[in-house]
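>>> pasting the structure only:
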């Protein structure tokens, strides 16, 4: 099983008008994600499902990725992926779906914590920038500390 973790793109600043849940991607955030997702589509096989946080900026990110891979019908909005998502929820979701390649779209610091907990029993320090993608592979079932980090790729690889 392969799990891809994707951080949402650059989003609007917090304000008194919109809640954190409602914050959207900036126009530049959309543009950068579209370029990055097109690049991912040239190098990755694709995903069986894209599991997204319900926050607006994450859903927009999931939609951009899904469009690049021509799989808009494979997005699942999952409340457990919102801000504060726990790694055991990611594992439960991944292991409950009949799929080999799953992308999760979420937030920081959650994604850094997920990478650390999925690949290391001792913890590791990970910087997960906006729009970044990481691939973690498991022999079969996804489990704590049993993943192998295959790559972490920032958007500037495709948007220099």
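Perfect, thanks for sending it. In this text the structure is predicted, and so the values were computed from the model without any measurement. Numbers count the residues shown, from 1 in each chain.
>>> now tell me what touches the helix or strand hosting residue 113 from outside.
Per DSSP states H and E, residue 113 falls inside helix 110-119. For helix 110-119, the external contacting residues (CB atoms under 8 Å, 6 or more residues apart in numbering) are 3, 5, 7, 83-87, 90-91, 104, 106, 123-128, 134, 136, 142, 144-149, 152. Yep, even glycine has a C-beta here, placed from its N, CA and C like the rest.
>>> rerun that using 7 Å as the cut-off
5, 7, 84-85, 87, 90, 123-124, 126, 128, 134, 136, 144-145, 147-149 (CB atoms under 7 Å, 6 or more residues apart in numbering).
>>> of the residues you listed, keep whichever come out buried.
Among these, those classed as buried by 16 or more other CB atoms under 10 Å are 5, 7, 85, 87, 90, 126, 128, 134, 136, 147, 149.
>>> residue 156: what secondary structure?
Using DSSP: H, G, I helix; E, B strand; the rest coil, the three-state assignment for residue 156 comes out as helix.
>>> what about it, how many neighbours?
Residue 156 has 13 neighbouring residues, counting by other CB atoms under 10 Å.
>>> if I look at it, how far off is residue 130?
Computed as CB to CB, to the nearest Å, the residue 156 to residue 130 distance reads 11 Å.
>>> now residue 146
Counting by CB to CB, the gap from residue 146 to residue 130 is 28 Å.
>>> which residues of the protein fall in strands?
2-7, 49-52, 75-77, 101-106, 133-137, 148-153 (DSSP state E).
>>> dump those strands to a markdown table, plus mean pLDDT.
A markdown table is the format used below for those (pLDDT from 0 to 100):
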| stretch | mean pLDDT |
| --- | --- |
| strand 2-7 | 98 |
| strand 49-52 | 98 |
| strand 75-77 | 98 |
| strand 101-106 | 98 |
| strand 133-137 | 98 |
| strand 148-153 | 96 |
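>>> make a markdown table out of these and add distance to residue 113.
Formatted as a markdown table, the strands of the chain follow (distance: least, CB to CB, whole Å):
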| stretch | distance to residue 113 |
| --- | --- |
| strand 2-7 | 10 |
| strand 49-52 | 17 |
| strand 75-77 | 21 |
| strand 101-106 | 10 |
| strand 133-137 | 12 |
| strand 148-153 | 14 |
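>>> excluding chain neighbours, what is closest to residue 55?
Closest residue to residue 55 in three dimensions, ignoring its sequence neighbours and counting by CB to CB, 6 or more residues apart in numbering: residue 21, at 5.4 Å.
>>> per-residue confidence at residue 15?
What the model reports as pLDDT for residue 15 is 73.
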